[in-house]
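A.B. asks: Predicted structure and sequence below. I'll ask about it afterward.
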Amino acid sequence: MAVFALLACFSGAFAPDLAVRAATTERIVVNRYSGLAIEGFDPVAYFTESRPTQGLADFEVRESGAVWRFRNEGNRASFIAHPEVYGPQFGGYDPVDVGRGVTYAGNPRFWAIRDQRLYLFGREENRDAFAANPARYLKEATTRWPALEQGLAQ
């Protein structure tokens, strides 16, 4: 009985990681329970406020099968006009992992803007590696993304 209890505790410690991986089958990372893209953070606020900011249910839009939230109507309108600019690149998947041929959901709290594009990272270490050599990681991710994207549900 003690062995089963220990196994339950051990597997429970990794359950959040499994939930993230389970949600990484779509072309845009969404919370599988709420349907929210990037956990409800406002993608435009990364550019205008230079930080992750929670969006509000009053300012939502459905785009590419995901529900996006915004802090205000202006941010919502900017996103509607240019989702390719404000939406996270590679569908919100970590570009370092995409470059390795793996789709791993980015965390909206680990982010970078490079060449006026938003990138989300699954781990802080990946963000730091990307910041040290963005050209390398973007080249690798851009090369592998089309094949990975084809394997994801729309």
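C.D. replies: Received, thanks.
A.B. asks: Please count neighbours and contacts with C-alpha atoms only from this point.
C.D. replies: Noted.
A.B. asks: who touches the spatially most central residue of the chain in this structure?
C.D. replies: In the chain, the C-alpha nearest the mean C-alpha coordinate belongs to residue 92, at 2.9 Å (CA atoms, centre = their mean). By CA atoms under 8 Å, 6 or more residues apart in numbering, the contact list for residue 92 reads 28, 29, 38, 105, 106, 119, 120.
A.B. asks: What distance do you get for it to residue 42?
C.D. replies: Noted for residue 92: a distance of 13 Å to residue 42, by CA to CA, to the nearest Å.
A.B. asks: I figured residue 149 hits residue 28, correct?
C.D. replies: No: using CA atoms under 8 Å, residue 149 makes no contact with residue 28, being 9.5 Å away.
A.B. asks: What separates the first and last residues of stretch 84-95, distance-wise?
C.D. replies: End-to-end distance for stretch 84-95, by CA to CA: 16 Å.
A.B. asks: per-residue pLDDT, residue 151?
C.D. replies: Note for residue 151: predicted pLDDT of 87.
A.B. asks: quick one, phi psi at it?
C.D. replies: Main-chain torsions, residue 151, degrees, to the nearest 10: phi -80, psi 0.
A.B. asks: neighbours of it, just the number please.
C.D. replies: Residues contacting residue 151 under the criterion other CA atoms under 10 Å number 11.
A.B. asks: Could you pull up the residues touching residue 136?
C.D. replies: Residues counted as contacts of residue 136 (CA under 8 Å, 6+ apart): none.
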